[in-house]
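*Asks:* Quick check, what structure comes out for this input:
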Amino acid sequence: MKRSKISFLDIDTMEPSIEELARKFSVGDRTVSADLRSTITPSPPTSGERRLEQLKRDLQSGEERFMFLDVLGEGGMGRVFLAEQRGLGRKVAVKALRPEANQPHHVEKLLQEAWITGSLEHPNIVPVHDIEIDRDGIPRVALKRIEGQHWGTYLHDALHAQRRLKVNDLLEWNLRILIQVCQAVHFAHARGFIHRDLKPENVMIGEFGEVYVADWGLALALKPDPRGRWPDIETTTDIAGTPAYMAPEMLAGSSHRLGPHTDIYLLGGILYEILTGDVPHRGDSFREVCASILSSPPALPEGAPAELAAICSRAMALDPAERHQSADEFREDLEGFLRHRGSRQIAYRAERTLDRLATLLRSGRSDTPEGVAEAYSLYTQCHYGFREAIRSWDGNTRARAGLERAVAMMVDWELARGAIDGASGILASLSDPPETLRRKVEIASLEAHRRREQIDALRKEHDPSRGRRTRLFFAVGYGVLWTLTHVGIHFLGSDSMETHYAALGVTGVFLLLVATTGLLVEDRLKTNHLNRTLALIVPFTLVATVVFWFAGSLLGLSPETVQIANVFIWFIVTGGLVITTEKRFWPTALMMLAAFFFSAYFPHLRHLAIAAANLALTLNAIYLWRLPSDGGAPQRVR
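*Replies:* This is a model prediction of the structure:
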């Protein structure tokens, strides 16, 4: 509190003038305690009767323009009637003085209020339709008839507000009413007027929720009116207002200290009552009330929303310079709170959905197809909720924390089930992801890339389409040649060709041819495991055959026996190939075994049996390694 800036209001310096202020208020300590919500009116104006008589002549009508139907309310000096405006046939409220109150100063106050209100054409200010003075010289002011109740009847009665106006959130509704009051007050300030008596009882709520700032009887102009129609802050010296809401400068007894900042204080006082359920200033004596006013801002309960409490405290600052610069700025702060409140509510609902997601991911159900679908659904809901909360209020740190938690949770889940791309996509939804989370996904991505490379290398290593042309060339070329050789020996051969050395010579020639052509296409035969295996197993088998022929010669085995045994060697080789490398060669292995037994039973037909086995090998290779029909991608291996 900065009392030094307005020391003229210091309660310690006001001791000699307390009684004088009480006389100006025309109340004692007991009355102040009982009527803090009642408006204290200024002293009667001193305008001359001559000017009022002129006003009466200007406004007096020769005919009755209103047909009075009922009395809506009565006060100390006047009455409010329900009437019908004859010219338009509409119901209006007519405010008139009692006959006994038809005194110059009362007439002037009534007309001043009507002129000020009538000059403020705003949706949230009660419209003035007409002014007339009847034949008895009593002024009448026709106002819009408002069918409703003043705001104070709803302010803390949620049930009443819900029943009559379908209000579900009383705090939000009260703040939106206050925002509309701010709009009316800001408009009045722009037109050069301050209200001086803003309180819930002076705000009318229509049956359909319309909001009207009423009772402009204490309003002052910020500048003198050349026509003298209304009072202004430079010439008015009376203390007036409602003690329960008064701003400190309103006790100074000098209206030039008043201004828009005074109404801002009163708006803050209404906000204080919304938050606490009580008026800002209380006391059992006039001195206590003044002390409360001069100790602004009053303390707020701990349960009040911090953001609203800060707005209220600023609006009710003791030093006017520390208050909001305008009613519109005060309104913007209220609207900001509502946006923030809505953002917090959205974030809260998103947090509840996130809790359900966490429960699901901890359970085993998230591994099932239904669980995966539910996880994505819950994540989408909470992610959208947090995003919407942040969009509504960029400073919602709770929503940002919730969004990061949701992303981290889903990233961990995606990584745990090996969905690296899914984790990366989810992480990308954060514009600035946490470094630890980003690093976790990066490491997982690198590991996944390494595994993919290993899988690709392994796939290439066992891909039968690699080097298929070379294998097909060897299979067809040497298969046909080997088949024709044995067919020729069977039909054209002689006993001289059935020797160990002749067989060694033929086998050696084949070994030389295979070795030579293998060296020419060595690079193609090294492309993967299948090609390397075949490149080694064929010459190895031929070498084994040569060795076996040589050993048979040394052991004295007949060429016929050695040759039949060699067929069994080829069965063993092709069978091993089926087991270890290419299981689709099983027809060849089976044919080699059949050729072995056939040759053993019918030795004289062994060359035909061997030729048949070689033909089976050739056809098997052609079938397995045939080129695709479109010449493009290889046939898929099953």
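*Asks:* Does V578 touch W586 like I think?
*Replies:* Yes. In this structure V578 lies within contact range of W586 using CB atoms under 8 Å: 5.0 Å. Heads up, the C-betas are built off the backbone N, CA and C, glycines and all.
*Asks:* hey, where'd the strands end up in the stretch 151-300 of the chain?
*Replies:* Taking DSSP state E, counting those that start in this stretch, the strands of the stretch 151-300 of the chain run over residues 193-194, 203-206, 211-213, 220-221.
*Asks:* Compare the ones you listed and give me the one nearest E447.
*Replies:* strand 211-213 (63.5 Å; CB to CB).
*Asks:* who's in contact with that closest one?
*Replies:* 124-126, 144, 146, 177, 180-181, 184-185, 188, 195, 198, 202-206 (CB atoms under 8 Å, 6 or more residues apart in numbering).
*Asks:* just the buried members of those?
*Replies:* Listed as buried from the contacts of strand 211-213 are 124-126, 144, 146, 177, 180-181, 184-185, 188, 195, 198, 202-205; burial here means 16 or more other CB atoms under 10 Å.
*Asks:* For the residue nearest to the spatial centre of the chain, give me its contacts.
*Replies:* For the chain, the residue nearest the mean C-alpha position is R387 (1.5 Å; CA atoms, centre = their mean). Going by CB under 8 Å, 6+ apart, R387 touches L403.
*Asks:* what about 10 Å?
*Replies:* Residues near R387 by CB atoms under 10 Å, 6 or more residues apart in numbering: 346, 350, 399, 403, 429.
*Asks:* quick one: which of those sit in strands?
*Replies:* Per DSSP state E, strands hold no members of the contacts of R387.
*Asks:* Next, give me the two most distant ones among these.
*Replies:* Those two in those that are separated most widely, counting by CB to CB, are I346 and S429, at 17.2 Å.
*Asks:* Which one of the two is surrounded by more residues?
*Replies:* Between I346 and S429, counting by other CB atoms under 10 Å, I346 is the more crowded of the two (22 against 13).
*Asks:* on contacts alone, who are the packing partners of the longest helix seen in the chain?
*Replies:* For the chain, the longest helix by residue count, based on DSSP state H, is helix 327-362. On a contact count with 3 or more CB pairs under 10 Å, 6 or more residues apart in numbering; DSSP states H and E, helix 327-362 meets helix 170-190, helix 260-276, helix 306-315, helix 369-392, helix 397-416.
*Asks:* Give me the below-cutoff pLDDT ranges for the stretch 501-638 of the chain.
*Replies:* 627-638 (pLDDT under 70).
*Asks:* which stretches of it form helices?
*Replies:* Taking DSSP state H, counting those that start in this stretch as the criterion, the stretch 501-638 of the chain carries its helices at 522-525, 529-555, 559-580, 586-601, 606-625.
*Asks:* I'd like to know which of these is closest to I420.
*Replies:* helix 529-555 (28.2 Å).
*Asks:* got a list of what the spatially closest residue to L97 that is not a sequence neighbour touches?
*Replies:* With sequence-adjacent residues excluded and distances taken as CB to CB, 6 or more residues apart in numbering, L97 is closest to G78, at 4.9 Å. By CB under 10 Å, 6+ apart, the contact set of G78 is 95-98, 101, 106, 109-110, 138-141.
*Asks:* Out of those, which end up buried?
*Replies:* With burial judged by 16+ other CB under 10 Å, the buried subset of these is 95-97, 101, 106, 109-110, 138-141.
*Asks:* So which of those is the closest to D169?
*Replies:* Closest to D169, out of all of the buried ones among the contacts of G78 and judged by CB to CB, is K95, at 34.8 Å.
*Asks:* Would you agree the closest one is in contact with A114?
*Replies:* Yes. Between K95 and A114 there is a contact under CB atoms under 10 Å: 7.9 Å.
*Asks:* Overlap in contacts, the two.
*Replies:* 128, 131, 139-143.
*Asks:* Could you save the residues you listed as TSV and add columns showing pLDDT?
*Replies:* Output for those, formatted as TSV (pLDDT from 0 to 100):
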residue	pLDDT
V128	93
I131	87
P139	82
R140	87
V141	91
A142	92
L143	92
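*Asks:* Strands - which of the residues you listed land there?
*Replies:* Short answer: the shared contacts of K95 and A114 in strands (DSSP E) are 128, 131, 139-143.
*Asks:* how deep is the nearest residue to L357 once chain neighbours are set aside tucked in, by neighbour count?
*Replies:* Leaving aside its sequence neighbours, L357 sits nearest to L378 (CB to CB, 6+ apart; 4.1 Å). Counted with other CB under 10 Å, the neighbours of L378 add up to 21.
*Asks:* Could you do the one 3 residues further on as well?
*Replies:* If you count neighbours by other CB under 10 Å, Q381 ends up with 18.
*Asks:* Just after the host helix or strand of K440, pick out the following helix or strand.
*Replies:* K440 is located in helix 435-461, with elements delineated by DSSP states H and E. Downstream of helix 435-461, the first helix or strand assigned by DSSP H and E is helix 468-492.
*Asks:* and that following helix, what does it pack onto?
*Replies:* helix 500-520, helix 522-525, helix 529-555, helix 606-625.
*Asks:* Done for today, thanks.
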